[in-house]
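In: Mind looking at a prediction? Sequence and model below.
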Amino acid sequence: MKSGVGAPTRARIPDKTLRTDRWWLPPLLTNLGLAAFVVYATIRSFWGSAYWVPEHGYLTPFYSPCLSESCLPGSSHFGTPLPELPGWIPLGFLALPFLLGFRLTCYYYRKAYYRSVWQSPTACAVAEPHDRYTGETRFPLIIQNAHRYFFYVAFLISIINTYDAILALTHGLGLGGIILLVNVTLLWAYTLSCHSCRHIAGGRLKHFSKHPVRYRLWTLISKLNVRHMQLAWTTLATLVITDLYVMLVASGVISDLRIIS
């Protein structure tokens with residue numbers, strides 16, 4: 001190695017690290033958490049059933065928007081402009097790649113998987129396995145620069161998810177409707193707490209006093225931005241809970257708890 005800890009000017013320390021604490025635990029937990037969500041989301045995206053509860057209007061966010069003729073009757077809130085899809089294409093294929101791109105290029109998730117998966121570095125005072133550093137100037141990391149554009153699509157999809165939740169409430173109030181509403185509220189908090197959203201609101205302004213509305217937005221988003229990491233993990237959990245609840249109700253395993261019919 002000619003750079004990093006192996007640079008000629010650095011002291012020769014054969015050990016990977018001199019740390020004696022459990023520095024490996026946070027990266028391990030991050031890997032397990034991300035892997036669990038990826039496995040669940042992948043299975044459910046290709047499941048192809050138990051995603052729509054017609055009597056209560058519950059549509060799982062993993063299948064929204066559903067725009068194909070393959071979609072169950074009533075689940076296509078915006079029509080079916082697309083023909084029937086083969087089984088190997090998820091019904092939510094229009095939204096899923098952009099949501100995945102938004103998460104992958106998110107500033108917090110970069111930190112998370114750079115340390116846990118990419119190991120660059122795994123932890124402070126722990127040598128990384130790479131012999132050189134190229135930053136985000138080469139494929140695939142150069143895609144990180146598209147984060148703002150993924151944000152635009154994620155913003156639009158959040159509007160669609162909001163419509164889905166409100167539409168479910170027109171069928172009466174049940175536990176599923178509350179879960180959908182809580183999920184979309186947290187998704188909005190996560191999306192708006194994004195660093196790109198904060199930059200769009202107040203970035204490149206030389207005089208906040210001349211732009212009071214944008215300054216106010218920037219201030220509010222900055223408060224959310226402090227919780228961006230917590231919201232990143234919380235929304236992964238609420239997405240799974242929402243989808244799992246809709247799946248169980250749609251498949252008849254459980255009945256929806258109705259509050260107002």
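Out: All right, it came through fine.

In: switch to C-alpha atoms for all contacts and neighbour counts from now on
Out: Will do.

In: Flag the shaky bits of the stretch 51-200 of the chain, pLDDT-wise.
Out: 133 (pLDDT under 70).

In: quick one: the strands in it?
Out: With DSSP state E, counting those that start in this stretch as the criterion, the stretch 51-200 of the chain has strands at 52-53, 58-59, 173-174.

In: packing partners for the second one?
Out: With contacts defined as 3 or more CA pairs under 8 Å, 6 or more residues apart in numbering; DSSP states H and E, strand 58-59 has these neighbours: strand 52-53, helix 147-169, helix 175-192.

In: Just the buried residues of the longest one, please?
Out: What that stands for is helix 147-169. Of all the residues in helix 147-169, those buried under the rule 16 or more other CA atoms under 10 Å are 147-148, 150-151, 153-155, 157-158, 160-162, 164-165, 167-169.

In: what does stretch 85-105 give?
Out: Under 16+ other CA under 10 Å, the buried positions of stretch 85-105 are 90-93, 95-96, 98-99, 101-105.

In: Straight-line length of it, end to end?
Out: Start-to-end span of stretch 85-105 (CA to CA, to the nearest Å) is 29 Å.

In: Give me the distance from it to the chain's centre.
Out: Centroid displacement of stretch 85-105 relative to its chain, using CA atoms, centre = their mean, to the nearest Å, is 12 Å.

In: now stretch 47-61
Out: 20 Å.

In: Next: stretch 114-134.
Out: That offset, for stretch 114-134, works out to 23 Å (CA atoms, centre = their mean).

In: and if you look at stretch 149-160?
Out: 11 Å.

In: same check, this time on stretch 204-223
Out: With CA atoms, centre = their mean, you get 26 Å for stretch 204-223.

In: which residues sit against that stretch?
Out: 192, 193, 197, 198, 199, 201, 202 (CA atoms under 8 Å, 6 or more residues apart in numbering).

In: The buried residues of stretch 85-105: which two are farthest apart?
Out: 91 and 105 (23.5 Å; CA to CA).

In: quick one, helices of the protein?
Out: 25-45, 96-104, 107-116, 147-169, 175-192, 195-202, 212-225, 228-250 (DSSP state H).

In: Identify each buried residue in the shortest one, please.
Out: To tie it back to what came earlier, the one meant is helix 195-202. Going by neighbour count (16+ other CA under 10 Å), the buried part of helix 195-202 is 195, 196, 197, 198, 201, 202.

In: How about the fifth one?
Out: Along helix 175-192, these residues count as buried under the neighbour rule (16+ other CA under 10 Å): 176-177, 179-192.

In: what's the angle between it and helix 212-225?
Out: 110 degrees (axes from the mean of the first three to the mean of the last three CA atoms, to 10 degrees).
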